[in-house]
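>>> dropping the sequence and predicted coords here.
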Amino acid sequence: MRSTALRLASQVKTPPPVPRFFKDPQMSLAHFMIKGQVISLYRQILRCGKKLDKRDKQEIRDFARADFERYRNEKDLDKIRSLLSSGKQQMHSLQASVQLAHADK
């Protein structure tokens with residue numbers, strides 16, 4: 001009986017670690033969904049600079065990073081949605097500027 005209990009105890013698996021995101025009680029599913037949209041926007045902005053020379057690409061990357069870092073700890077969903085909307089508008093104007101710059105070359 002004792003050997004069976006020891007064998008069963010050794011077979012008990014520990015649960016996987018809880019992701020850091022779920023440890024924050026203020027975060028909801030809506031926060032999680034918006035986080036994906038924010039990361040997607042950041043990647044799109046970085047892709048805009050792909051066709052530019054190294055110095056311009058670095059400048060766009062630094063500007064975007066500073067803007068995203070400034071609001072990194074924002075928790076208000078309405079504020080995040082507003083920032084996301086204005087970020088998309090800025091990204092579209094950046095894309096247009098990059099296209100115009102390449103049209104001249």
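Ah, there it is. As the structure is a prediction and not an experimental result, all values here were calculated from the model.
>>> mind checking the SS state of residue 67?
Three-state call for residue 67 (DSSP: H, G, I helix; E, B strand; the rest coil): helix.
>>> show me what contacts it?
Residues in contact with residue 67, defined by Cβ atoms under 8 Å, 6 or more residues apart in numbering, are residue 87. C-beta here means a position set from N, CA and C on the backbone, and glycine is covered the same way.
>>> can you give me the pLDDT of it?
According to the prediction, residue 67 has pLDDT 93.
>>> what helix or strand does the residue most central in space within the chain sit in?
Central residue of the chain (Cα atoms, centre = their mean): residue 39, 2.7 Å from the mean position. Using DSSP states H and E, residue 39 falls within helix 29-48.
>>> shaky segments in this structure?
1-2, 4-13, 18-25, 104-105 (pLDDT under 70).
>>> which residues touch the nearest residue to residue 34 once chain neighbours are set aside?
Nearest non-adjacent residue to residue 34, counting by Cβ to Cβ, 6 or more residues apart in numbering: residue 80, 5.4 Å away. Counting by Cβ under 8 Å, 6+ apart, residue 80 touches 31, 34, 38, 71, 74.
>>> spit out the contact partners of the third one.
Taking Cβ under 8 Å, 6+ apart as the contact definition, residue 38 lies against 68, 80, 84, 87.
>>> now these in TSV, with secondary structure and distance to residue 103?
Shown next, in TSV, are those (DSSP: H, G, I helix; E, B strand; the rest coil; distance: Cβ to Cβ, whole Å):
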residue	secondary structure	distance to residue 103
68	helix	29
80	helix	34
84	helix	29
87	helix	24
